[in-house]
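> Sharing a sequence plus its predicted fold:
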Amino acid sequence: MKKVSESATQQQYLVRPTHINHYGRLFGGQLLYWIDELAGIVAIRHSGATVTTAAIDNLQFKAPAYEGDMIVMIGQVTYVGRSSMEVRVDTYTETADGERKIINRAYIDMVAINEDGQPIPVPGLIIETPEQQAEWEAAAKRKALRKQRRQEGF
């Protein structure tokens, strides 16, 4: 069993000209790359194993980012199954004085795997706060919906 805080991870990036799309905003694909990378790091820290991305369950773009913006990403485990972990990644822009504005929230389903690519068990998650409990319950609902979508061929 591990606490949410044991694998929580924060990463920062500076939006550079190569990260900008033709609208002058942070390219969504670049942000998705950073989100997937951070979710993988969080899942590795929780599981102590190699991981793979199984699904990106939710990705909400709330506001744009522009060249020169500082991006702060915070990832944490919200739910653990037998071999899977749901990781929430919140992305913010941060001003020079430290003020943050959320621009994206994503939920990523990661799976711990062995050297043959087969799923392996992961440690349980210790829930310590009402917020973590609420995330766990919402994640359980998302997991059930993912299962239903798979059964429907999505």
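Done, it's in.

> For the worst-scoring helix or strand of the chain on mean pLDDT, enumerate its sheet partners and note whether each is parallel or antiparallel.
Lowest by mean pLDDT, DSSP states H and E among the helices and strands of the chain is strand 50-61, with a mean of 91. With DSSP bridges as the test, strand 50-61 is paired with strand 100-113 (antiparallel).

> I'd like the average pLDDT over the partner strand.
Strand 100-113 shows a mean pLDDT of 97 in the predicted model.

> Check which residues of it are buried.
By 16 or more other C-beta atoms under 10 Å, the buried positions in strand 100-113 come out as Ile103, Asn104, Ala106, Tyr107, Ile108, Asp109, Met110, Val111, Ala112, Ile113. Backbone N, C-alpha and C define where each C-beta goes, glycine included.

> Check which element follows that strand along the chain.
Downstream of strand 100-113, the next assigned helix or strand under DSSP states H and E is strand 125-126.

> got the angle for the lengthiest helix in the chain vs strand 50-61?
Among the segments of the chain that qualify as a helix by DSSP state H, the longest is helix 130-151. Compare the direction of helix 130-151 with that of strand 50-61 by axes from the mean of the first three to the mean of the last three C-alpha atoms, to 10 degrees and you get 100 degrees.
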